[in-house]
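Colleague: Below are the sequence and a predicted model for it; my questions follow.
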Amino acid sequence: MLVIGLWLSGCSSVSTFYIKVNGYTDPSAPAQVKPGGSFCVIENHEAQNPLLEKEIKEKLNKLLLTHGYPVTTFEKADYYLFFGYGMGEPRSVTVATPDYFGSIGWGGGYGWGGGWGGPSVYVGMPWGGYASGSASLYDRWLLIKVVEGPAYRTQKVSRPVWVGEARSVGASSDLRLVLNYLLVADFKEFGKNTGQAVTVQIGEGSPEVYSLTH
């Protein structure tokens, strides 16, 4: 049934990204992300591609403003937003669908010491005589961490208020492109405790994605 569903989605004239999003909040924390709280996005100055890092920061600033969170300076921010992203090694699989695939596995690692295994891909027999073939799949991921501003400024304590994970497995190895979809997906659950991974579908013509690239 999974292969049938993926095949049907692939027949659409507009490609769709299927992204798994997990949002976490600390139940013992005194407060969650408050509406209208101000943010400062923190870059990783040791990033391998500092220009991509700056590009993602600007897109995060856009999304924060769109969702009603002012962007301010380091000295005034209610919250700091840290982010990490990456892509796993390609894995060749037999599939019965063209290009974009659902989020059906995990992979990669992130810059706070954690790590995940490679993607798990579920495949089956082609349906209705649809020809199968081979493809290289990539695990693409984005992690956002929000911490309280005053505590971080005074004590350098980075206790997270909210953590959002967005992941997708697919044929595109263009991380710069896919990150636009991961960013939009993460912000659809921004500040929420999802309780489990939820699937977010974002079409190729999404106005939110378009706004990040124009």
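Modeller: Perfect, I can see it now. Residues are numbered from 1 along each chain as shown.
Colleague: Pull out the buried positions in the biggest helix by length in the chain.
Modeller: For the chain, the longest helix by residue count, based on DSSP state H, is helix 50-66. Counting neighbours by 16 or more other C-beta atoms under 10 Å, one finds that the buried residues in helix 50-66 are 53, 56, 57, 59, 60, 61, 62, 63, 64. (C-beta placed from N, C-alpha, C; glycine too.)
Colleague: any idea of the angle whichever strand in the chain runs longest forms with helix 50-66?
Modeller: Counting residues, the longest strand found in the chain (DSSP state E) is strand 133-148. Angle, strand 133-148 to helix 50-66, by axes from the mean of the first three to the mean of the last three C-alpha atoms, to 10 degrees: 60 degrees.
Colleague: picking that back up, please convert the buried residues of helix 50-66 to a markdown table, extending it with distance to residue 138.
Modeller: A markdown table is the format used below for the buried residues of helix 50-66 (distance: C-beta to C-beta, whole Å):
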| residue | distance to residue 138 |
| --- | --- |
| 53 | 20 |
| 56 | 18 |
| 57 | 23 |
| 59 | 20 |
| 60 | 22 |
| 61 | 27 |
| 62 | 25 |
| 63 | 23 |
| 64 | 28 |
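Colleague: will you turn these into JSON lines that also has pLDDT and distance to residue 206?
Modeller: Listed next are the buried residues of helix 50-66 as JSON lines, based on pLDDT from 0 to 100; distance: C-beta to C-beta, whole Å:
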{"residue": "53", "pLDDT": "97", "distance to residue 206": "23"}
{"residue": "56", "pLDDT": "98", "distance to residue 206": "17"}
{"residue": "57", "pLDDT": "98", "distance to residue 206": "21"}
{"residue": "59", "pLDDT": "98", "distance to residue 206": "14"}
{"residue": "60", "pLDDT": "98", "distance to residue 206": "17"}
{"residue": "61", "pLDDT": "98", "distance to residue 206": "19"}
{"residue": "62", "pLDDT": "97", "distance to residue 206": "14"}
{"residue": "63", "pLDDT": "98", "distance to residue 206": "13"}
{"residue": "64", "pLDDT": "98", "distance to residue 206": "18"}
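Colleague: between those residues, which is closest to residue 134?
Modeller: Nearest to residue 134 among those: residue 56, at 31.6 Å, using C-beta to C-beta.
Colleague: distance of that closest one from residue 186?
Modeller: Using C-beta to C-beta, to the nearest Å, residue 56 is found at 12 Å from residue 186.
Colleague: quick one: low-confidence parts of this structure?
Modeller: 1-14, 30-31, 95-132 (pLDDT under 70).
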